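Asker: sequence-free structure coming up:
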């Protein structure tokens, strides 16, 4: 029997989206398709485990199916794929019930399977669901039928990327381009045994890439990567996708929580924030109204205009995360950064993707930035090209923070201008492997590269009022060409003589022709 290859799996899964076009908004495809994908995978794996238990333990198939000890995920009878595909009516309700039953029997899936509802017959009529189930029935997703164990995780990542492309700006809410993720991970260099945390984890790409980096550098114990992954995500549907993403990548022990990280950080120990070896994130750019409790009872003036709450007086954090200052209501970027710094171990390193504005905006943000620099925790600033992200065309930057900088980098900041390091695309630019390697090699080598990289002493930054605008430290302009005025005038004079000679010859030719 031919085994399912990654190429076939990707094409098959993406074709399922085409069945849904015209019924629901394309940005919602992912929620339904990922649910069905996991349901099919869990069922196929469940049957495979039962058959293996029959071979290994000399028991009946019925006993193997009913004993939870033989299964990674237990599937109750009413959630069997074979039963669901027999349905011809009320299919959506049957699916919702199946997902609910699976959650009841598998505590690690609580809230994951029921995050999406299939019972809306206007959006998902029986005719559509029947076609979807028939489509998903085409291949088995049991391990024995896969070309290799990694292809399901790879196909899941492919789907996330394709849905981000299809969703346009909405795609940026749950997916950071993989090349940007690879770059940030390569700069913070996670190691075997590390705890890694993403406070705005989306679909989990940064955590998975961090684990892959460790795996590729020899950090495995048996078949498992030697790392602990933690994340929090506000959007319920995206959180569910992330949980499934971890499972299909065999990181089922990862700790992914749901909720607003700034308002309610969920990873606590004895009432205190947990700390991590590596912290990595691409928070929502310039998030407005970022402190939820301040927005509950916003007043309006007599003209109906909203009276903005003064965040400096209303933001009070029980975890003491904002010691450098309270960011303004319209820019939540440095609130996320301060949260990340608060949960970073004293010998830890973090990388965060942010809009360029945080490098030079004044006011409270300028004071916060000054505090970071005076505490000497900013190790590097990398300026990225424009049009790399789904949700904005503006160029972004990466900030690397290190609480235990090497001696040769103390009171210094590495600046890299990578704004020209990309492959041009019609709608979106892309970082190529050579671009990523150039940036990482520059950061690792610490040798000045003209118009690309410099290591700047803190005294120079202080002279610039702690402004981190990259153009202040790296001059990428072309050298001015010095014009020799006298020489140019002589050249013009010579050209005028030649022009007169040509005109004279031309007039001679014209006369000879009778003009």
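Answerer: That came through fine. Quantities reported herein were computed from a predicted structural model and do not represent experimental measurements.
Asker: Please count neighbours and contacts with C-alpha atoms only from this point.
Answerer: OK.
Asker: where do the strands sit along the chain?
Answerer: Counting by DSSP state E, the segments of the chain that form strands are 195-198, 220-221, 224-225, 228-233, 255-258, 268-269, 272-273, 276-281, 344-355, 378-383, 396-402, 412-417, 453-457.
Asker: mean pLDDT for the ones you listed: which is lowest?
Answerer: Set side by side, these differ in mean pLDDT, and strand 220-221 is lowest with a mean of 83.
Asker: Show me the contact partners of it.
Answerer: Applying Cα atoms under 8 Å, 6 or more residues apart in numbering, the contact partners of strand 220-221 are 192, 214, 226.
Asker: Same check on stretch 10-19?
Answerer: 29, 33, 128, 131-132, 135-136, 155, 158-159.
Asker: With neighbour count, distance to residue 262 and pLDDT as added columns, please give those residues in CSV.
Answerer: Output for the contacts of stretch 10-19, formatted as CSV (neighbours: other Cα atoms under 10 Å; distance: Cα to Cα, whole Å; pLDDT from 0 to 100):
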residue, neighbour count, distance to residue 262, pLDDT
29, 20, 29, 79
33, 19, 30, 89
128, 17, 40, 94
131, 15, 42, 94
132, 19, 39, 94
135, 15, 41, 95
136, 21, 39, 94
155, 21, 32, 87
158, 17, 30, 85
159, 20, 29, 84
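Asker: Helices - which of the residues you listed land there?
Answerer: Per DSSP state H, helices hold the following members of those: 29, 33, 128, 131-132, 135-136, 155, 158-159.
Asker: Closest to residue 119 out of those?
Answerer: residue 128 (12.1 Å; Cα to Cα).
Asker: tell me the contacts of the closest one?
Answerer: 19-20.
Asker: For it, give its distance to residue 39.
Answerer: Computed as Cα to Cα, to the nearest Å, the residue 128 to residue 39 distance reads 17 Å.
Asker: just for the chain, where's the confidence low?
Answerer: 1, 166-174, 391, 478-484, 515 (pLDDT under 70).
Asker: what residue lies at the spatial centre of it?
Answerer: residue 176 (2.8 Å; Cα atoms, centre = their mean).
Asker: Assess the claim that that residue and residue 282 are in contact.
Answerer: Yes - with contact defined as Cα atoms under 8 Å, residue 176 reaches residue 282; the gap is 7.3 Å.
Asker: Residues in contact with both of the two, list them for me.
Answerer: Shared contacts of residue 176 and residue 282 (Cα under 8 Å, 6+ apart): none.
Asker: Just put the strands of the chain in JSON lines and tack on mean neighbour count and distance to residue 321.
Answerer: Shown next, in JSON lines, are the strands of the chain (neighbours: other Cα atoms under 10 Å; distance: least, Cα to Cα, whole Å):
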{"stretch": "strand 195-198", "mean neighbour count": "26", "distance to residue 321": "16"}
{"stretch": "strand 220-221", "mean neighbour count": "14", "distance to residue 321": "34"}
{"stretch": "strand 224-225", "mean neighbour count": "16", "distance to residue 321": "31"}
{"stretch": "strand 228-233", "mean neighbour count": "24", "distance to residue 321": "17"}
{"stretch": "strand 255-258", "mean neighbour count": "20", "distance to residue 321": "19"}
{"stretch": "strand 268-269", "mean neighbour count": "10", "distance to residue 321": "14"}
{"stretch": "strand 272-273", "mean neighbour count": "15", "distance to residue 321": "10"}
{"stretch": "strand 276-281", "mean neighbour count": "26", "distance to residue 321": "15"}
{"stretch": "strand 344-355", "mean neighbour count": "22", "distance to residue 321": "11"}
{"stretch": "strand 378-383", "mean neighbour count": "24", "distance to residue 321": "17"}
{"stretch": "strand 396-402", "mean neighbour count": "23", "distance to residue 321": "16"}
{"stretch": "strand 412-417", "mean neighbour count": "24", "distance to residue 321": "24"}
{"stretch": "strand 453-457", "mean neighbour count": "19", "distance to residue 321": "28"}
